[in-house]
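>>> Predicted coordinates and the sequence they were generated for:
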Amino acid sequence: MKIEKKVLNDALRILGKMVCQTSPVEVFRGVRFVGTPGDVLAVVTDGTELVSLRIDAEVEGVVDFLVEYRMLREMVRTARGGKIELEGRKVEYPVQEAVPVDATVTELPVEFTDLLASAAPIINRNEPRAVLQGVNLSKDGITVTDGKQLLNLPCSLTLKESITIPFPLALLAARLHDAGTLATWTNGNSQLFQIKIGDFTWSGKAPSGNYPNWKQVIPTGNALDYSITFHEPVQVIDFLKTVPDHEPYHGIELNVTPDGVSVIPTDYPDMHLETTVDHIGALPRAVLVLNKYILLRMLQQGYTKFGAHSDGRIPVVAEGGYGRYLAMPIHILPKHQPQKEEKKMETTENKVVESNDPVPAASPLEELSNNVEELRSKLKHLLDESGILIRKVKEVTLLQKQKEREFIQTRRRLERIKMAM
């Protein structure tokens, strides 16, 4: 089989997202080329999912052979000409389950892969729950969450019931901008799917487990009593990019002031940014604190209007982008409160300043740090005292031995005197 170097390289860029190069199973490490003249497929599988890509290649008759992915990459790297000739050996390949006639087929809009690309950064691929590593598709659109943030993007999907697909790594690498179809069906207790967009086909099994009921966490009614809308989100984005990381929260305070919002990193109080916003509703009783990366992603995707509750105990809903972006506030006591006017009472002799502001309680982290420092100083003091005590014991022991030697010497002198007499 002969194939253009560029065609093979583009195909490997997509298929490589599915290949398991370290697998002991040969078919999981290689790319299968199968087809007839004018209809050649490059196929890869990891045992659970399967990706096939129709490619432009020159073949004679029927072809069906496997080449290891690593060898193909090496061929592309070292090839000097424009075409590469491939040959391999036939292997027993897993049989792909055909889409049954009673499967539910849904049309996918042109912007489907773009929506997946917007949702993908929220997914935590190290999440131990496999279902949260995937993307939930339903009649309400595309939904992803990592437990701390949630994004729901409207998408017209005529699904009878929702389905969660694995993380679409190969589909994202394909960078497709065409309409397609989604077929879903069940086989026993398993929920299966097939996505077909142009020459790209991806089939597999939905992750085990039930996707969280994300609608329950979306605030409804008057749950959100104030909102802020950023006028200069680019300014805030540039500022957030300069804030150093600080595990585990990466907290950013959004302090509502009469002039706008003060953006202050919780762990770097010397850094701050004053920006103008539209504030509507109640004055927040608690400073809103969000994760730096969540706030940055919200603003980068066009979510500039934030709805929140003045107590800061329910999810923040960001709007202005394509869908709804929810994030849980960080429940740590901010170290910096916006300045408030103090009531002053002046006398002829001196000035007494009184403030009605409550004294903020110490942060649990600060209390822990203070307790650790106090314990450390006590341990150091005990160590010093034990050292002094050890030295005194040694001194007493040496003194006792010295007295014993003097006693023995005195006794021997007395014995010699008696013998001399």
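Perfect, I can see it now. Residues are numbered from 1 along each chain as shown.

>>> Identify the residues contacting the helix or strand containing residue 114?
Element membership for residue 114 (DSSP states H and E) is helix 112-119. Outside helix 112-119, the residues that touch it by C-beta atoms under 8 Å, 6 or more residues apart in numbering are 135, 142-144, 151, 153, 155, 168, 171-172, 174-177, 179-180, 197, 301, 322. In this view, the C-beta of every residue, glycine as well, is placed from N, C-alpha and C.

>>> So for that helix, what gets flagged as buried?
Using 16 or more other C-beta atoms under 10 Å as the test for burial, helix 112-119 gives 112-113, 115-116, 118-119.

>>> returning to what we had before: among the contacts of helix 112-119, name the ones in helices.
171-172, 174 (DSSP state H).

>>> Would you map the strands across the stretch 251-400 of the chain?
251-257, 260-265, 273-275, 277-281, 288-291, 305-308, 316-319, 324-327, 343-346, 351-354 (DSSP state E, counting those that start in this stretch).

>>> of the buried residues of helix 112-119, closest to residue 86?
Closest approach to residue 86 among the buried residues of helix 112-119 (C-beta to C-beta): residue 113, at 28.5 Å.

>>> and the gap between that closest one and residue 307?
Distance of residue 113 to residue 307, given as C-beta to C-beta, to the nearest Å: 29 Å.

>>> One more: residue 408?
92 Å.

>>> Those two - which one has more neighbours?
Remark: of residue 408 and residue 307, residue 307 carries more neighbours, 21 against 10, as counted by other C-beta atoms under 10 Å.

>>> I figured that one hits residue 227, correct?
Yes: Residue 307 lies in contact with residue 227 (C-beta atoms under 8 Å); the separation is 4.6 Å.

>>> Helix, strand or coil: sort out residue 407 for me.
helix (DSSP: H, G, I helix; E, B strand; the rest coil).

>>> looking at the sheet around the residue lying closest to residue 271 once chain neighbours are set aside, what are its partners?
Computed as C-beta to C-beta, 6 or more residues apart in numbering, the closest residue to residue 271 that is not its neighbour in sequence is residue 265, at 5.3 Å. Judged by DSSP bridges, the bridge partners of residue 265 are residue 252.

>>> ok, the nearest residue to residue 68 once chain neighbours are set aside to residue 59 distance?
Nearest in space to residue 68, with sequence neighbours left out and distances taken as C-beta to C-beta, 6+ apart, is residue 30 at 4.6 Å. Distance, residue 30 to residue 59, using C-beta to C-beta: 18 Å.

>>> More neighbours: these two, which one.
Using other C-beta under 10 Å as the criterion, residue 30 and residue 59 rank with residue 30 on top: 28 against 18.

>>> ok so, going back, I'd guessed the residue nearest to residue 271 sits against residue 292; true?
Yes: with contacts counted by C-beta under 8 Å, residue 265 reaches residue 292, the gap being 7.4 Å.

>>> Quick check: neighbours shared by those two?
243, 251-252.

>>> most neighbours, which of those residues?
Counting by other C-beta under 10 Å, top hit in the shared contacts of residue 265 and residue 292: residue 252 with 26 neighbours.

>>> Starting from residue 329, give me the distance back to it.
Residue 252 is 11 Å from residue 329, by C-beta to C-beta.

>>> Show me the common contact partners of the two, please.
Common neighbours of residue 252 and residue 329 (C-beta under 8 Å, 6+ apart) are 289-290.

>>> ok, back up a step: how far does the helix holding residue 114 sit from the chain's center?
17 Å (C-alpha atoms, centre = their mean, to the nearest Å).

>>> domains of the protein?
2-85, 104-214, 218-327 (automatic domain parsing).

>>> Dump those domains to CSV, plus mean pLDDT and distance to residue 403.
Shown next, in CSV, are the domains of the chain (pLDDT from 0 to 100; distance: least, C-beta to C-beta, whole Å):
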stretch, mean pLDDT, distance to residue 403
domain 2-85, 92, 76
domain 104-214, 92, 70
domain 218-327, 91, 62
